[in-house]
Structure formats: structure tokens, C-alpha cells
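Asks: Show me the folded form of this:
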Amino acid sequence: MKTLVLVLTLSLSIGTALSQEADQKPLAETLKERSAEMLKRFPEADANKDGTLSREEFRAFVAKRRGTDQPNTPQRTANRPKVSPPTHADVAYGAHETQCFDLWTVPEATEPTPLVLFIHGGGFRSGDKSLVRPGTPETYHAEGIAFASLNYRLSDEGSYPMMMHDAARGLQTIRHRAAEWNIDPERIVCYGGSAGAGISLWLAFHDDLADPESEDPIARQSTRILAAGATNGQSSYDIHTFREWFEVPDLQMGPALPAFYGIDPNDGYEDEELRKQMQDASPITHLSDDDTAAAYMLYSRPNVPVDADTESSVWVHHVLLGLQLQEAMMARDLECIVTAPELETDVEDPYGSLESFLITKLKAGSSEKE
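Replies: As a prediction, this is how the structure comes out:
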């Protein structure tokens, strides 16, 4: 039993290293240290005896330990709520294995239904479309709304704008096949956490990527959406903007953004082309007078101070990023709700939740069509 607890503790440690943007060491170095610790304590985990511990070997060892150390105890995960199986799983929108989405259509719907598209977070370097809370598809189904969850290529495969363009292509694929799935292509909203929030906002404000002259029917589809929802989301991915907003001139990038841009952080951030890339990656850059999408920004931390020593996981998910976007959107008469613990604001939240916001926007879109 003690062995199992230790194995699971190391498992959680490795999982945390994969997801925490606050880790000050490069991700590869952190994982190497964790794996070496695991291998030292449990040399039998090295199945092929090559002196290194692969992810597959690690997972197999943990699974074996769960079975041998607790033969009469059900796995904890067995009783956890699970997401219902999608109506259509792993629908491809590109050639890469991660260019796919899951779709939950509304059972027995007689009219084309609106759609909520979830885009996962993970600092653009981890995460998966399976990160859907149990019961989420059913929540929207009860309102006559379909649900989808999208994967996109991560930063180990390439840099910006790859991730945003993948999401756009997935959205275009859904629109192209909307009649097949009984979906209303004009009533689609997106939401996500962290990186998924940033992608959702980027789609909401970026000029339409549709190419009406393309021979590809999918590329002719619109990439615009009715609204975007964001949990701990970023309105900018520009380190220069972060430094200005937080008034910290020497603020440094965390581990996720250099990979997002495909750069070595030791080279600095003053290159002219890089600065243009940072601006283009930032959703707030693309706000314009012809935008119509609304936004709902939900943050889990209060408006805490930020200085040069603040962990990047704090300031990259800071409510100030939502407040700056709110100010820019309100200047254009666009709706933007920002919520956070202990946040005092003059802008009231008439929705009460992100889900209610998305549902309301989709139903309002239906009324406008009629």
C-alpha cells in the first residue's frame, strides 16, 4: 500500500510538471528529473532495461501497481462521473492525429440546433478534448444546443498561428457538415480555459478567415462566432503588453509562451518580426468597429498585485487581462462581462454563469434570425 501511494504521488508530480506554467525549469528538464527519481526507486518500471523511463513504461507500471497492491479495492477512477460518449467521436478536420473533434448532437432534434464548441487549455503545449466536465453536453442538450470539443496541434508540433488556424479549420469543418449533423451554422459560440479561452477570443475578433474564392468548400466557410467564453483567459500574448499593463518592465515570460512562438527566451523579445507575431496572436489586437461578438471572462483569483517575482501562472491568468479587454470592448459598445473573487465593477453580470451566457447568446441569435 505504501508503495502504491508513493507511485501515485510521483504520478501526480509528473502530471503537475506537465500542466503547471509556474515551473521555472524547462519542461523537459523537469520531466527528466521526475522520471529519474521514479526509476531510482522502482528500477523494475524500466521494462526494456534501456536505463530510461518512457511515458508508456511509466503508465504501465502504475497500472500494474494499482492491480497488485490493491487487488480487492476498485480503482478510484471507477466511481468518478464520466462524460457521455459523443455522437460522433474523433471527427478529423486535418491530416494530423490531433486535428479532430468530438460532437454530441441533440437527440431527436427536429430543427437545426445551435452549437457550443469547447477548446481545451494547457498552455498550448498540453491538454486534450477529453477535458470536458461530466454532464456538460447534457446541460446544453436540455436547451436544444449541440456540443463539441476540439483538439488542435500543440507547440511541440509548431508555433503560432498554427493553433488558432487549427481551431478555425475545425470550426469551418463543422459548418461545412452542418446539414449532416442538423446544426445551424450561423449559431455557434466558443469557450475554453486559458489557451482555449485565448483561441476562442481570437476567433471572436479576428477578421473572417473564409476564402470565398477557394476551390476547397471548407475553406469557404466563415470563422466568425456569436460569442466567446473564457475561463482564466488571455486577451494578449504580447510580453510587452503584459509589462505595460502590470507596470513591471522586467516581467519575464513563463515556460509556455516561448514554445508558443517557437523562440529561445534567452534571445530576448525585441526582434521586429517577433513583436509583430506577438501582436497578431493577441485577441485584443483584432478588435474593430465591425465586431459584434460578446465575451464572458471568468477568473478564479482576486485582482492580486504582480511584480517581477510573481509566478507566470498567476499573471498569465490574471483578471487584469479581462478588465483590459472589457475596457476596449465597451469603447466599441460590445458586451464584455468580467467576474472574479472580490472584484468590484460597475458592469453587472445578468447571466450568473458562463453556461447561461452562452445559452442566452445562442437563443438571441435564433430570435434575430427569425
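
Asks: which other helices and strands contact the longest strand seen in the chain?
Replies: Ranked by number of residues, the top strand in the chain under DSSP state E is strand 183-193. Strand 183-193 sits against strand 113-119, helix 162-176, helix 195-205, strand 227-231, helix 354-369, with contacts defined as 3 or more CB pairs under 8 Å, 6 or more residues apart in numbering; DSSP states H and E. Using the backbone N, CA and C atoms, a C-beta is placed for each residue, glycine as well.

Asks: in the chain, which spans are helices?
Replies: Along the chain, the segments classed as helices by DSSP state H run 2-19, 27-41, 55-69, 136-141, 162-176, 178-181, 195-205, 239-246, 256-261, 272-281, 312-315, 319-330, 354-369.

Asks: what sits up against the fourth one?
Replies: What it means is helix 136-141. With contacts defined as CB atoms under 8 Å, 6 or more residues apart in numbering, helix 136-141 is touched by 83-84, 86, 104, 106-107, 116, 118, 146-147, 355, 359.

Asks: Which among those residues count as buried?
Replies: 83, 86, 104, 106, 116, 118, 146-147, 355, 359 (16 or more other CB atoms under 10 Å).

Asks: Could you export these as a markdown table, including pLDDT and distance to G127?
Replies: As requested, those are exported to a markdown table (pLDDT from 0 to 100; distance: CB to CB, whole Å):
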| residue | pLDDT | distance to G127 |
| --- | --- | --- |
| V83 | 89 | 15 |
| P86 | 98 | 17 |
| W104 | 98 | 19 |
| V106 | 97 | 26 |
| V116 | 98 | 18 |
| F118 | 98 | 11 |
| A146 | 98 | 22 |
| F147 | 98 | 17 |
| E355 | 98 | 20 |
| I359 | 98 | 24 |
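
Asks: what two of these have the greatest distance between them?
Replies: Farthest pair in the buried ones among the contacts of helix 136-141 (CB to CB) is P86 and I359. Separation: 19.8 Å.

Asks: still on that earlier bit, how big is the angle separating the longest strand of the chain from helix 354-369?
Replies: 150 degrees (axes from the mean of the first three to the mean of the last three CA atoms, to 10 degrees).

Asks: tilt between strand 183-193 and strand 113-119?
Replies: Going by the same axes, to 10 degrees, strand 183-193 makes 30 degrees with strand 113-119.

Asks: what's the offset of strand 183-193 from the middle of its chain?
Replies: Chain-centre distance of strand 183-193: 15 Å, with CA atoms, centre = their mean, to the nearest Å.

Asks: neighbouring strands for it, and are they parallel or not?
Replies: Neighbouring strands of strand 183-193 in its sheet, by DSSP bridges, are strand 113-119 (parallel), strand 227-231 (parallel).

Asks: For that strand, list every residue counted as buried.
Replies: 183-193.

Asks: pLDDT and distance to A281 for those - can I get that in a markdown table?
Replies: A markdown table is the format used below for the buried residues of strand 183-193 (pLDDT from 0 to 100; distance: CB to CB, whole Å):
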| residue | pLDDT | distance to A281 |
| --- | --- | --- |
| I183 | 98 | 29 |
| D184 | 98 | 30 |
| P185 | 98 | 27 |
| E186 | 97 | 27 |
| R187 | 98 | 27 |
| I188 | 98 | 22 |
| V189 | 98 | 21 |
| C190 | 98 | 17 |
| Y191 | 98 | 19 |
| G192 | 98 | 15 |
| G193 | 97 | 18 |
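
Asks: so can I have TSV of those showing distance to S300?
Replies: Below are the buried residues of strand 183-193 laid out as TSV (distance: CB to CB, whole Å):
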residue	distance to S300
I183	31
D184	32
P185	33
E186	33
R187	29
I188	26
V189	21
C190	20
Y191	15
G192	14
G193	10
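
Asks: gap between S312 and S159?
Replies: 18 Å (CB to CB, to the nearest Å).

Asks: more neighbours, the two?
Replies: S312 (21 against 16; other CB atoms under 10 Å).

Asks: My read is that the more buried one contacts G254, right?
Replies: Yes: between S312 and G254 a contact is recorded at 2.6 Å, counting by CB atoms under 8 Å.

Asks: care to break the chain down by domain?
Replies: As given by automatic domain parsing, the domain ranges for the chain are 2-79, 88-369.

Asks: Would you mind finding the most buried of those?
Replies: domain 88-369 (a mean of 18; mean count of other CB atoms under 10 Å).

Asks: So, low pLDDT: which residues of the stretch 1-150 of the chain?
Replies: 1-42, 46-80 (pLDDT under 70).

Asks: And for the stretch 251-370 of the chain?
Replies: Short version for the stretch 251-370 of the chain, where the test is pLDDT under 70: 366-370.

Asks: For N303, state which of the buried ones among the contacts of helix 136-141 is nearest.
Replies: E355 (24.0 Å).

Asks: Could you list which residues are in contact with the closest one?
Replies: 139-140.

Asks: do the same with the one 5 residues further on
Replies: T360 makes contacts with Y351, as judged by CB under 8 Å, 6+ apart.

Asks: do you know how far it is from L287?
Replies: Distance from T360 to L287, by CB to CB: 22 Å.

Asks: Identify the residue nearest S159 in space, chain neighbours excluded?
Replies: G262 (3.3 Å; CB to CB, 6 or more residues apart in numbering).
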